[in-house]
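Q: coords please:
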Amino acid sequence: MLFFKKKEIPLMEFFPKEMVDIHSHLLPGIDDGAKDLEATVALIRKMASFGITNFITTPHVLGDLYPNTPEIIQKKLQLVQDALGNTDLSHIRLKAAAEYMLDEQFAVFLEKGNLLTLKDNLILVEMSYFSPPLNLYALLFEIQLKGYKPVLAHPERYFTYHNNPREFQKLKRAGCLFQLNLLSLTPHYGKPVEKTAQLLLKEGMYDFVGTDTHHQQHLDLLQKISTKENLKLLEGLLQENVRVFGG
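A: The predicted structure follows:
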């Protein structure tokens, strides 16, 4: 039996013009992403070489581990924008939102209403990979009651649901939009995550995509998703990123 390697295509041909990456950790020194400004600029430069020049970067907001506030995030954003303006990357469009952990502290933020959105009322949220909050559906309801729409980051990575895929349907019915991590289509996060991503993609359950870039190793791996087969599967989602978040 012959095995044929899927042919990779250049990422410049994979991503559409005006592609917007809505999930990354590019702001320096405030979470587990870029460690300093030099690393931030290097990541953005590499992604620009892939044809991605529009970003809504999303630092973690996670309890005492990453106690980021809108003020902290906006200050770091301005620092990066100023640095890019002094380089050949001045054409980069960089905005900032946040990736909110669905925990007790998030309920406080939600009550205050001071949330950084991807656009309009869309907020990027995540939860524990192994144990979703007991009040998850009440919290999702409250998010929407406050006028927001939850975009659940990388649903394929929540191990709790791998053996109960009907829960994904329940999350969709509860009002969640789904964002696929592109690297989930590789073995990077493990075979169960890759299998779940393929399942959700086949079922048409994703609304958006993101790279979830933290460091250079992620970008080194990104080329592996750039095949004609994946482009056929993802083209609509990539264009949806442009349609919703571009301009």
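
Q: Tell me the helices and strands packed up against the lowest-mean-pLDDT helix or strand in the chain.
A: When each helix and strand of the chain is scored by mean pLDDT, DSSP states H and E, helix 104-112 comes last, with a mean of 92. Packing contacts for helix 104-112, counted by 3 or more C-beta pairs under 8 Å, 6 or more residues apart in numbering; DSSP states H and E, involve helix 136-145. From N, CA and C alone the C-beta is placed, and that goes for glycine too.

Q: Report the separation between Pro10 and Gln223.
A: Look at Pro10 and Gln223: by C-beta to C-beta, to the nearest Å, they are 9 Å apart.

Q: For these two, indicate the residue with more neighbours.
A: Neighbour tally, Pro10 and Gln223, criterion other C-beta atoms under 10 Å: the higher count belongs to Gln223, 15 against 12.

Q: Run through the residues that contact that one.
A: 8, 11 (C-beta atoms under 8 Å, 6 or more residues apart in numbering).

Q: That one and Ile123, how far apart?
A: 30 Å.

Q: do the same with Glu167
A: Using C-beta to C-beta, Glu167 is found at 21 Å from Ile123.

Q: who has more neighbours, the two?
A: Ile123 (24 against 16).

Q: Tell me how many other residues surround Asn86.
A: There are 8 residues near Asn86, going by other C-beta under 10 Å.

Q: Mind checking the pLDDT average for stretch 214-233?
A: Averaged over stretch 214-233, pLDDT sits at 95.

Q: typo on my end, it should be stretch 132-147
A: For stretch 132-147, the per-residue pLDDT averages 96.

Q: So for it, what gets flagged as buried?
A: 132-133, 136, 139-140, 143 (16 or more other C-beta atoms under 10 Å).

Q: Among those residues, which one lies nearest to Pro67?
A: Proximity of the buried residues of stretch 132-147 to Pro67 (C-beta to C-beta) peaks at Pro133, which lies at 18.8 Å.

Q: what sits up against the biggest helix by length in the chain?
A: Longest helix of the chain, by residue count under DSSP state H: helix 228-245. For helix 228-245, contacts defined as C-beta under 8 Å, 6+ apart pick out 6-7, 9, 14-22, 54, 56, 118-119, 180, 182, 185, 201, 206-209.

Q: just the buried members of these?
A: 14-16, 18-22, 54, 56, 118-119, 180, 182, 185, 201, 206-209.

Q: In strands only, show me those residues.
A: 20-21, 54, 56, 180, 208-209 (DSSP state E).

Q: Now render the residues you listed as TSV, adding distance to Lys46 and pLDDT.
A: As requested, those are arranged in TSV below (distance: C-beta to C-beta, whole Å; pLDDT from 0 to 100):
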residue	distance to Lys46	pLDDT
Val20	17	98
Asp21	12	98
Asn54	15	98
Ile56	18	98
Leu180	21	98
Phe208	22	98
Val209	18	98
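
Q: Need the max-distance pair from the residues you listed.
A: Asn54 and Leu180 (17.8 Å).

Q: ok, Leu26 - contacts?
A: 33-34, 40, 43-44, 55, 57, 80, 94, 213.

Q: should've said Leu62
A: Contacts of Leu62 by C-beta under 8 Å, 6+ apart are 31, 101, 103.

Q: ok, now how distant is Tyr66 from Leu27?
A: Taking C-beta to C-beta, one finds Tyr66 at 11 Å from Leu27.

Q: hey, what's in contact with both of these two?
A: Common contacts of Tyr66 and Leu27 (C-beta under 8 Å, 6+ apart): Pro59.
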